[in-house]
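Undergrad: pasted the sequence and its predicted model underneath.
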Amino acid sequence: MKRLSALDSLFLYFETPETPMHVASVTTFQPKSPQDGLFERFRAHVAARLDLLPSYRRRLQPTPLGLDHPAWVLEEKLDIDYHIRRAALPKPGGMAELRALVAELHAIPLDRSRPLWEYHFIEGLAGGAFAVYAKVHHSTMDGLAGMATLGVTYDFEPDADKGSLPARIVPPDAEPSDAIELTTTALGDFVRQGWRAITGAPGLARSLAKAAPHLSRDAQFLYRYVREIPRTPFNVVISPHRVYATASLALNEAKALAKSRGVTINDIVLAVTAGALRRYLAARGALPEMALTAGVPASLRPLGDAHLNNQVIFTLSRLPTDVAEPLPRLVAAQAAGQEAKELFADIREFFTADVSILGAPLVVTAIARLWSGARASNWLSPFFNVIVSNVPGPRQAMYCAGAPATHYFPASIPYHGCALNITVQSYLDQIDFGLVACRETVPDAQRIADFIAEDFELMRAAAAALDRGEAIDRIAVAAKPRQEKGQNIQISEVEATPAERSARTEKASGLARQIEALSAATDALKEKVERKPAVAAAKARSEPKAAMRSKAKPARRKQ
């Protein structure tokens, strides 16, 4: 028996009929030639590995009377045909058909009376390709832990056989799990937690002393975030229906852009996401004047920790949707990301996933159901506008039934008050975006995915133009989109004079100063480029006149 941590359990307590709390991946594979029996090979592959992943055989066991978090216990009679299923796409078997099927599958909650996982082998993709939709409950593991399971689910060699099975990821648990043990261990955990709190008081005091110099700054940061979070069409109560969207960026192009601009891949992800959301909301006449705020999961997992559990919290980061031009928006995203990292560094020591609270299953579940039933997200201020998660993916090629993977798209969780979740995973030489949204709230989520790819190309073009020193006006390729109602912010104004810019800079925040500096540098470079032809023309006109004056001037006689 293994009891869930408080953090693992929250994904169970917050689950409602409209908000199933599972995560998934959609991996596409392309065989070199048409083959028969692919599903049977995949089923045999998984069956041979059932003892390697604890989550394959574990199911939930509630604690009697809801005294404490539930526990994982061994499922003796595993129905493998329930967990491994087969599906086929209608013709033409393109990405649109695959996304529609994934949206339907992702809307169906997992059965808590069984181990919380399903694999769907999807045939009928164009060109003989196939896909695997793998769904697991978030209470079993977070994204980084999920990366550790890929060597069990798939192979990293094209002709791997049973002789190359990976080692067991975690040791098996002792399995006595009767009601008496579940109750006594719940009470024991509560007592032990109280003792840990007493003995850990000196460490907590040291952590508080360490964070004290920044407490005022962090409090102001959080207050400003909460006060300035705008309301958008995403921040409403959601339905149980889902829509799924995808986009892909070239990783080598993203790395080149990051190197040229001195930013990170994550800065680029936030910037292009902000650009896409800006265009989408503006087209709907719903773009707020203030920047959107993203809930960004951050890992608490120590380096090298591969335990299959959750060690993650949400941090807040501005999405610069109020910045029109791609490169200034990238600068703003970098500054916002750095600000969020500094806050997280100060507070991460105060978070723990191991908290035992008597009655938590009943109390927290009741609060979640009350929040959903009262439709509170429709009238209370949102905690954040969207979720944006970036998880490093596998750097090795993956194979299923001998076929190499071509894409590895994620699929995550929208929730009441946050109808859109954007999750990003890298795989080999690409960055794959998976967007999951409420169908009634964001029915056209694929437009946002398409805007992400388009904004990335606009950002690359603007960076290339700036580096070449030609056609500086291309920096404004992402001009302010037309909006039916309301006004949005235009950060860099080309018509402003240097004196006006200087005055604004003195009053601006650190973020605004960085954007103004980039704008000023752009204007200076533009002026230099435009001045060269004029100087050359003036010089050409002056040379003939100078020659004529030298001929007309009489020579002086020597005395």
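TA: On my side now, so go ahead. All of these numbers come straight from a predicted model, not from anything done at the bench.

Undergrad: the strands in the stretch 101-250 of the chain, which residues?
TA: 117-123, 130-137, 242-250 (DSSP state E, counting those that start in this stretch).

Undergrad: can I get those strands in TSV with distance to D36 and mean pLDDT?
TA: All C-beta atoms are positioned from the backbone trio N, CA, C, and that covers glycine. Shown next, in TSV, are the strands of the stretch 101-250 of the chain (distance: least, CB to CB, whole Å; pLDDT from 0 to 100):
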stretch	distance to D36	mean pLDDT
strand 117-123	11	97
strand 130-137	12	96
strand 242-250	28	98
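
Undergrad: using CSV, lay out those strands together with distance to L370 and mean neighbour count.
TA: Output for the strands of the stretch 101-250 of the chain, formatted as CSV (distance: least, CB to CB, whole Å; neighbours: other CB atoms under 10 Å):
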stretch, distance to L370, mean neighbour count
strand 117-123, 30, 20
strand 130-137, 22, 24
strand 242-250, 24, 22
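
Undergrad: nearest to S9, of those?
TA: Among the strands of the stretch 101-250 of the chain, the nearest to S9 by CB to CB is strand 130-137 (11.3 Å).

Undergrad: which strands border that closest one, and is each parallel or antiparallel?
TA: strand 22-29 (antiparallel), strand 117-123 (antiparallel) (DSSP bridges).

Undergrad: what inclination does that strand have with respect to strand 242-250?
TA: 120 degrees (axes from the mean of the first three to the mean of the last three CA atoms, to 10 degrees).

Undergrad: returning to what we had before: so for R278, which of the strands paired with strand 130-137 sits nearest?
TA: The nearest among those, by CB to CB, is strand 22-29 at 26.7 Å.

Undergrad: contacts for that closest one, please.
TA: Strand 22-29 is contacted from outside by 98, 102, 105-106, 109-110, 116, 125, 129-138, 143, 146, 154, 244, 246, 398-401, 403-413, 425, 434, using CB atoms under 8 Å, 6 or more residues apart in numbering.

Undergrad: 7 Å instead?
TA: If you take CB atoms under 7 Å, 6 or more residues apart in numbering as the criterion, strand 22-29 is touched by 102, 106, 110, 125, 129-138, 398, 400, 403-413, 434.

Undergrad: for the residue nearest to P443 when sequence neighbours are not counted, give me its contacts.
TA: In space, and not counting its chain neighbours, P443 is closest to V243: 6.1 Å by CB to CB, 6 or more residues apart in numbering. For V243, the contact set (CB under 7 Å, 6+ apart) comprises 103, 437, 439, 442-443, 445.

Undergrad: tell me how far V243 lies from V312.
TA: Distance of V243 to V312, given as CB to CB, to the nearest Å: 25 Å.

Undergrad: swap in T63?
TA: On the measure of CB to CB, T63 and V312 end up 24 Å apart.

Undergrad: ditto for E253
TA: From E253 to V312 the distance is 29 Å (CB to CB).

Undergrad: out of these two, which sits in the more crowded spot?
TA: Between E253 and V312, counted using other CB atoms under 10 Å, the more crowded position is V312 (20 against 16).

Undergrad: where does the stretch 1-150 of the chain have low pLDDT?
TA: 1, 65-66 (pLDDT under 70).

Undergrad: now with 90?
TA: Residues of the stretch 1-150 of the chain that meet the criterion pLDDT under 90 lie in 1-10, 32-37, 48-55, 57, 61-77, 141-150.

Undergrad: okay, now R114: neighbour count?
TA: The burial count for R114: 16, using other CB under 10 Å.

Undergrad: G337 looks like it's in a helix, true?
TA: Yes. According to DSSP: H, G, I helix; E, B strand; the rest coil, G337 belongs to a helix.

Undergrad: got a list of what R231 touches?
TA: R231 neighbours (CB under 7 Å, 6+ apart): P382.

Undergrad: pLDDT at it, what is it?
TA: R231 is assigned 93 on the pLDDT scale.

Undergrad: one more: S502?
TA: 43.

Undergrad: which stretches of the stretch 301-450 of the chain form helices?
TA: With DSSP state H, counting those that start in this stretch, the ranges of helices along the stretch 301-450 of the chain come out as 326-347, 360-373, 445-468.

Undergrad: please identify the most buried of these.
TA: Mean neighbours per residue, mean count of other CB atoms under 10 Å, is largest over the helices of the stretch 301-450 of the chain for helix 326-347, with a mean of 21.

Undergrad: and that helix, what does it pack against?
TA: For helix 326-347, the packing partners by 3 or more CB pairs under 7 Å, 6 or more residues apart in numbering; DSSP states H and E come out as helix 201-228, helix 265-283, strand 312-319, helix 445-468, helix 510-552.

Undergrad: list the residues that contact the residue nearest to P31 when sequence neighbours are not counted.
TA: Leaving aside its sequence neighbours, P31 sits nearest to A403 (CB to CB, 6+ apart; 4.1 Å). Neighbouring residues of A403 by CB under 7 Å, 6+ apart: 29-31.

Undergrad: from these, keep the buried residues only.
TA: Among those, those buried by neighbour count (16 or more other CB atoms under 10 Å) are 29, 31.

Undergrad: how about the contacts of A403 in a markdown table, adding distance to L370?
TA: Formatted as a markdown table, the contacts of A403 follow (distance: CB to CB, whole Å):
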| residue | distance to L370 |
| --- | --- |
| F29 | 44 |
| Q30 | 48 |
| P31 | 50 |
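
Undergrad: of the contacts of A403, which is the nearest to N385?
TA: Among those, and counting by CB to CB, the member closest to N385 is F29, at 35.0 Å.

Undergrad: tell me what the closest one is bridged to.
TA: F130, A405.

Undergrad: distance of it from T246?
TA: In terms of CB to CB, F29 sits 16 Å off from T246.

Undergrad: then R227?
TA: 35 Å.

Undergrad: same thing with D159?
TA: 29 Å.

Undergrad: ditto for T63
TA: With CB to CB as the criterion, T63 and T246 are 40 Å apart.

Undergrad: next one: G393
TA: 14 Å.

Undergrad: which sections of the stretch 451-559 of the chain are below the confidence cut-off?
TA: Looking at the stretch 451-559 of the chain by pLDDT under 90, you get 465-559.

Undergrad: again, only using 80
TA: 467-559 (pLDDT under 80).

Undergrad: how about the strands of the stretch 351-500 of the chain, start to end?
TA: Counting by DSSP E, counting those that start in this stretch, the strands of the stretch 351-500 of the chain are 386-391, 399-400, 403-411, 420-427, 430-438.

Undergrad: ok, residues contacting the last one?
TA: Spelled out, it's strand 430-438. Contacts for strand 430-438 (CB under 7 Å, 6+ apart): 26, 106, 238-239, 241-251, 254, 407-412, 414, 419-425, 445, 448-449, 452.

Undergrad: can I get that strand in PDB? Just the C-alpha atoms.
TA: Extracted in PDB, the C-alpha atoms of strand 430-438 (Å, rounded to 0.1, in the frame of the first residue of the first chain):
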ATOM      1  CA  GLN A 430      10.700  20.200 -33.000                       C
ATOM      2  CA  ILE A 431       8.500  21.900 -30.400                       C
ATOM      3  CA  ASP A 432       5.000  20.400 -30.300                       C
ATOM      4  CA  PHE A 433       2.100  22.400 -28.900                       C
ATOM      5  CA  GLY A 434      -1.100  20.800 -27.600                       C
ATOM      6  CA  LEU A 435      -4.100  23.000 -26.800                       C
ATOM      7  CA  VAL A 436      -7.100  21.600 -24.900                       C
ATOM      8  CA  ALA A 437     -10.100  23.800 -24.400                       C
ATOM      9  CA  CYS A 438     -13.800  23.800 -23.600                       C
END
